[in-house]
Each structure stands twice: as structure tokens, then as C-alpha cells.
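Trainee: Sequence and computational prediction follow.
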Amino acid sequence: MTRRPLGVTLVAIIAWLSGLLQTVGSLIVILAGAVVTGHAIIGWISLIIGAVVLAVGVGLWRGNPTARTIATIVFVINIALEVLGMFNGETLWSALLGSALSIIGLILLYTPRAREYFGS
């Protein structure tokens, strides 16, 4: 296997940080709403998503092509949501800045070195 490209390393670290923050935040929401409330349910859903994001970060670090596919889907959904947000009052600049990390992530995951690393 080839060495992990710097861009893939950056995306994996960002995924870990995002997953960690989401997981910790979710646990706080769940513990604050000890009874089954709307906030607690959202906390549980967010906890599951955070765990998936952590797993994707590990997969990206290890060169797992499935993790790259999942990250790609998440990035594309994020971009689509930002574009849709423009029709709900979000400004063009806000949508562009909001989707910038996703665009950068896509670019970094599909460079020639990243393709080689993921075996595609």
C-alpha cells in the first residue's frame, strides 16, 4: 500500500474531530434530557451519526474505499443542503463558505495520490 497522502490525513483528522465533538455534544444533550424528550431523541440520533463519522475517520486513515465513499456522500449532501439553504434565506456567500470544507474534502479525497491510496 502507498503512503497516506497529506490531504487524506487532513480529511481523516477533521472527521475524527467532528465525530468526537458531535459525540460529546450528543452525550451532554442526552444526559441533560434524562427522560425521553425531543431533545434526547435528537441527541441519540446525533450520537449515532457522530459514531459513524468517527468510524469513517478511522477508515479514511486506513485507506478503506468504503469510508471514502461514505465521506463523499456526506460532502455532496452538505453541498446540496447549502445550495438549498440559499432558497431559505441563506446568502450566496454563506452557502459558499458553508460548503467550502466539503468541496476541499472532495478535492483532497480524489487527487491522483488519494486514488492510488484507496486503490482506485
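Mentor: Nice, thanks for sending it over. Bear in mind the structure is a predicted one, so any value in this text is a computation, not a measurement.

Trainee: Quickly find the element holding Ser46.
Mentor: Secondary-structure element containing Ser46, defined by DSSP states H and E: helix 38-62.

Trainee: What average pLDDT does that helix get?
Mentor: Looking at helix 38-62 alone, the average pLDDT works out to 88.

Trainee: buried residues in it?
Mentor: Along helix 38-62, these residues count as buried under the neighbour rule (16 or more other C-beta atoms under 10 Å): 40, 43, 46-47, 49-50, 53-54, 56-57, 59-61. C-beta here means a position set from N, CA and C on the backbone, and glycine is covered the same way.

Trainee: all helices of this structure, in order?
Mentor: For the chain, the helices identified by DSSP state H occupy 6-32, 38-62, 65-86, 92-109, 112-117, in order along the chain.

Trainee: Show me which residues of the last one are buried.
Mentor: Within helix 112-117, the residues that count as buried by 16+ other C-beta under 10 Å are Ala114, Tyr117.

Trainee: now the first one
Mentor: Buried residues in helix 6-32, counted by 16+ other C-beta under 10 Å: 7-8, 11-12, 14-16, 18-19, 22-23, 26, 29-30.

Trainee: Give me the below-cutoff pLDDT ranges for the chain.
Mentor: When residues are selected by pLDDT under 70, those of the chain lie in 1, 33-37.

Trainee: Mind doing that once more with 80?
Mentor: Segments of the chain classed as low confidence (criterion: pLDDT under 80) are 1-2, 32-40, 88-90, 98, 120.

Trainee: got the buried residues of helix 38-62 as JSON lines, with distance to Glu116 columns?
Mentor: Listed next are the buried residues of helix 38-62 as JSON lines, based on distance: C-beta to C-beta, whole Å:
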{"residue": "Ala40", "distance to Glu116": "44"}
{"residue": "Gly43", "distance to Glu116": "40"}
{"residue": "Ser46", "distance to Glu116": "35"}
{"residue": "Leu47", "distance to Glu116": "35"}
{"residue": "Ile49", "distance to Glu116": "30"}
{"residue": "Gly50", "distance to Glu116": "30"}
{"residue": "Val53", "distance to Glu116": "25"}
{"residue": "Leu54", "distance to Glu116": "25"}
{"residue": "Val56", "distance to Glu116": "20"}
{"residue": "Gly57", "distance to Glu116": "20"}
{"residue": "Gly59", "distance to Glu116": "17"}
{"residue": "Leu60", "distance to Glu116": "14"}
{"residue": "Trp61", "distance to Glu116": "16"}
